[in-house]
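Asks: Attaching a predicted model along with its sequence, questions to come.
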Amino acid sequence: MRRMLLLAVAHLLCFLQWSFPAFAILDPVDFLALQTIRRGLDDLPGSDFFSSWDFTSEPCNFAGVYCDGDKVIALNLGEPTAGSPGLTGRIDPAIGRLSALAEFTVIPGRIFGVLPDSMSQLANLRFVGISKNFISGQIPANLGKLRGLQTLDLSYNQLTGSIPWSIGALPALSNVILCHNRLSGPVPTFASQTLTRLDLKHNNLSGPLNPASLPPSLEYLSLSWNLLDGPVDQLLSRLNRLNYLDLSLNRFTGGIPGCLFSFPISSLQLQRNSFSGPIQPGDQVAIPTVDLSYNRLSGQISPMLSTVQNLYLNNNRFTGQVPVSLVDRLLAANIQTLYLQHNFLSGIEIDPTAEIPVSSSLCLQYNCMVPPVHAPCPWKAGLQVTRPAAQCTHSAGVKG
């Protein structure tokens, strides 16, 4: 009899396992936290992201909610399809009660208000992505408690204040994207030796960069459209893994190290600063686009730049002859853009009857010579063909 009873129980358990798959009921703290977060947010017109958030059912089945056991480990708010209208409202401090949360993202929409300080309680947080919304206020300094944080993307918001030094001290950061905000103050020192992407463009950051402020692990660096100043030659010499560099529209000074031109960079953007001195690459430059325009660079143009496809040297203080190698590659259509206007160049060896390839652009306007060939220049080059003779003495070439 006992044997028959045990067999019956075994069959019943087997039946229940197949008929009703086991699932964990969400932790009550997480359940209540999700309810509170939901009350602070709404779908924008055209979005139905929250249509599945029916709290009479299991929240781990909600759109954007991912669980491990009875805990929420990822919260992705908003329909991820490109062009989705997104959400509106505020991020409630209840987010800090999701104790196992490792990933938190919000798709572009109209989320406003400040980042809750309670996010600093999320000890397991690895990824934060809240881009293209209307988040305002300061970046909470206590986010520096998130020692495992790897990605911080708060780009395209309305954040103000400085970047907390505690953020820079985080040891596991790999991506910091804070571009297109209203941040001010200095760039902090970043301690993480795994940091590969730092994007701080379009802010109001100011002051010099410490030569040791950025780790050599960086591969992508954009600081454009800020108010940063001082020399960067020592800093750049250390960042030999860069494949993208944009320091444009700042107030950087000093020289540009020759070793920079040997880095595996696809686009070198240093325009509209106050860099000075000669440009001396050690070898043929393999960077497709080099923009050094609107600086105070001087000396002769290096023939090592003839392998650049798009070369912008305009509005500097370069002197001497245009290297023959640049002319040859331009006429062979290997150079697409060669802008040399507004310098103190004294000559170029080119046949006046030569035809500039349709795919190439050349501008020689406003130098210490009459351009031997007619080539259309951008309208910003102005209407003056040559510099006044008084500016073309040696002293004018250096100071003008």
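Replies: The structure has been received and is ready for your questions.
Asks: going forward, measure contacts between C-alpha atoms and count neighbours the same way
Replies: Noted.
Asks: Quick check: phi and psi at residue 71.
Replies: Backbone geometry at residue 71, expressed as degrees, to the nearest 10, gives phi -120, psi 140.
Asks: My error: substitute residue 297 in the last question.
Replies: Backbone torsions for residue 297, taken as degrees, to the nearest 10, come to phi -70, psi 150.
Asks: next one: the one 5 residues further on
Replies: Here the main-chain torsion angles of residue 302 (degrees, to the nearest 10) amount to phi -70, psi 130.
Asks: Report how many residues lie close to it.
Replies: The burial metric for residue 302, expressed as a neighbour count using other CA atoms under 10 Å, is 18.
Asks: I'd guessed it sits against residue 323; true?
Replies: Yes - checked against CA atoms under 8 Å, the pair residue 302 and residue 323 is within contact range at 7.2 Å.
Asks: Verify the stated contact: residue 58 with residue 30.
Replies: No - counting by CA under 8 Å, residue 30 is not a contact partner of residue 58; they are 11.7 Å apart.
Asks: higher neighbour count, these two?
Replies: Using other CA under 10 Å as the criterion, residue 58 and residue 30 rank with residue 30 on top: 22 against 14.
Asks: Provide a list of residues in contact with that one.
Replies: Applying CA atoms under 8 Å, 6 or more residues apart in numbering to residue 30 gives the contacts 71, 72, 97, 98, 99.
Asks: for residue 211, same thing?
Replies: Residues near residue 211 by CA under 8 Å, 6+ apart: 232, 234, 235.
Asks: quick one: which of those has the most company?
Replies: Neighbour counts for those, by other CA under 10 Å, peak at residue 232, which reaches 20 neighbours.
Asks: Now do it against residue 193, distance only.
Replies: 20 Å (CA to CA, to the nearest Å).
Asks: same deal with residue 100?
Replies: As for residue 100, its distance to residue 193 is 26 Å (criterion: CA to CA).
Asks: These two: who's more crowded?
Replies: When residue 100 is set against residue 193 and neighbours are counted by other CA under 10 Å, the residue ahead is residue 100, at 20 against 15.
Asks: Distance of that one relative to residue 122?
Replies: The span separating residue 100 from residue 122 equals 7 Å under the rule CA to CA.
Asks: I figured residue 267 was touching residue 290, is that so?
Replies: Yes - counting by CA under 8 Å, a contact exists between residue 267 and residue 290, whose distance comes to 6.2 Å.
Asks: Is it correct that residue 276 falls within a strand?
Replies: Yes - according to DSSP: H, G, I helix; E, B strand; the rest coil, the state of residue 276 is that of a strand.
Asks: Tell me which residues touch residue 245, please.
Replies: The neighbours of residue 245, taking CA under 8 Å, 6+ apart as the test, are 220, 221, 222, 265, 267, 268, 269.
Asks: now the second one, what's its secondary structure?
Replies: When states are read from three-state DSSP, the local structure at residue 221 comes out as strand.
Asks: Now do it: how many residues are near it, please.
Replies: Each residue near residue 221 was counted by other CA under 10 Å, and the total is 20.
Asks: ok, it - contacts?
Replies: Residue 221 is in contact with 197, 198, 199, 242, 244, 245, 246, counting by CA under 8 Å, 6+ apart.
Asks: Likewise for the fourth one?
Replies: For residue 265, the set of contacting residues under the criterion of CA under 8 Å, 6+ apart consists of 242, 243, 244, 245, 287.
Asks: And it, how far from residue 283?
Replies: Note on residue 265: its distance to residue 283, by CA to CA, is 14 Å.
Asks: Note down every partner strand of the helix or strand hosting residue 206 and its orientation.
Replies: When elements are assigned from DSSP states H and E, residue 206 belongs to strand 204-207. Applying DSSP bridges to the sheet, strand 204-207 is found paired with strand 182-185 (parallel), strand 227-231 (parallel).
Asks: closest one to residue 148 among those strands?
Replies: When these are compared by CA to CA, strand 182-185 sits nearest residue 148, at 23.8 Å.
Asks: which residues touch that closest one?
Replies: Looking at what lies outside strand 182-185 - CA under 8 Å, 6+ apart - the contacts are 158, 159, 160, 161, 162, 163, 202, 203, 204, 205, 206, 207.
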